[in-house]
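Asker: One predicted model, sequence on top.
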Amino acid sequence: MTGWIIFGSIIALIAVILFIPLQVLLEYKDDVFHITARYAFFKYKILPVDQKKKEKREQQKLKKEQRAAQKGKPLTEPAKPEKRSLKDTIQMVKVMLDSVHAPFIHLLKRIRLTDIAFYMKTVGENAAETAVEVGRVNAYVYGFYAYLKNFFKVQDPDILITPDYYGEKSQTYFKMTVSLTPASALRASVTFGWRLIQVLIFKKIVGENVKQSTQPAKSSG
C-alpha cells in the first residue's frame, strides 16, 4: 500500500511539474528592455544587466584599456547597435518567424502570448505629420497582431496610440507574457520525432522500391 502511495505521489509531482507554465515576461519602458524568466515561485532577471555585473564588466574593460595603453596599441571601441524603429523591429520579427520550418510551427502554436499592452505617444515635425504618424503606427501594430495569430495563441491586446503635439520625442511602453508548459513542449517534440521517423521510413521504402525496379532482370537458363 505504501508503495502505491509513493508511486502515485511521484506521478502527481511529475504532472504538476509538466503543467506549470514556463513564462517569460517582456517589458519595454523608459527606453530600457526588461526580460524576466519565471517558473512557479522562481524568477530570474535576464535584462537589464544587474548593477554588480555591469560594474564588473566596466572594470574588465578598464583593465583591457590599460593593458592596451601599456603596449601602445589603440583600443578599438565596439560599434554600438543602432536603435531600431518600430517598423524595423516588426520587420525583423516577421523575417525570423517566416524562416521557421514547418515542424516547429506546431511548437509555436502551443505558445501563449498574454497580458499584452502597447501604449505610444507619437511625435511628428508638425501637427499634420503627428496625426499621420498615429495612423501609420496603428497600421503597423494591428497588422503585426494579426500576423502573430498565425503562429501563436494570442490574447486580445490593449493598444492605445495617441498623438503628442507638444512632446519632443515619441514615448513607447510595451509589455507581454510568453507562456509554454513543459508538457506542450514535450508533446510537440514527440510529434516532431514521430513524423521524422515516418518520413525516414517512407524514404527508405521508396528508395528500396526504386532500386529494385532499376535492377536488370536476371535471365533464366
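Answerer: That came through, no problem.

Asker: going forward, measure contacts between C-alpha atoms and count neighbours the same way
Answerer: OK.

Asker: tell me, how many neighbours does the closest residue to residue 140 other than its chain neighbours end up with?
Answerer: Nearest non-adjacent residue to residue 140, counting by Cα to Cα, 6 or more residues apart in numbering: residue 87, 6.9 Å away. For residue 87, the count of nearby residues is 13 (other Cα atoms under 10 Å).

Asker: now residue 87, what's its secondary structure?
Answerer: For residue 87, the assignment made with DSSP: H, G, I helix; E, B strand; the rest coil gives helix.

Asker: Might one say that it is in contact with residue 141?
Answerer: No: contact status for residue 87 versus residue 141: not in contact, 9.0 Å apart, counting by Cα atoms under 8 Å.

Asker: Okay, buried residues for the top helix by length along the chain please.
Answerer: Taking DSSP state H as the criterion, the chain has its longest helix at helix 182-214. The neighbour-count check on helix 182-214 (16 or more other Cα atoms under 10 Å) flags 182-185, 188-189, 192 as buried.

Asker: tell me the average confidence for that helix?
Answerer: The average pLDDT within helix 182-214 is 76.

Asker: Which elements pack onto that helix?
Answerer: Secondary-structure packing of helix 182-214 (3 or more Cα pairs under 8 Å, 6 or more residues apart in numbering; DSSP states H and E): helix 2-19, helix 102-108.

Asker: Would you single out the least confident of those helices?
Answerer: helix 102-108 (a mean of 73).

Asker: So for that helix, what gets flagged as buried?
Answerer: Across helix 102-108, burial judged by 16+ other Cα under 10 Å covers 105-108.
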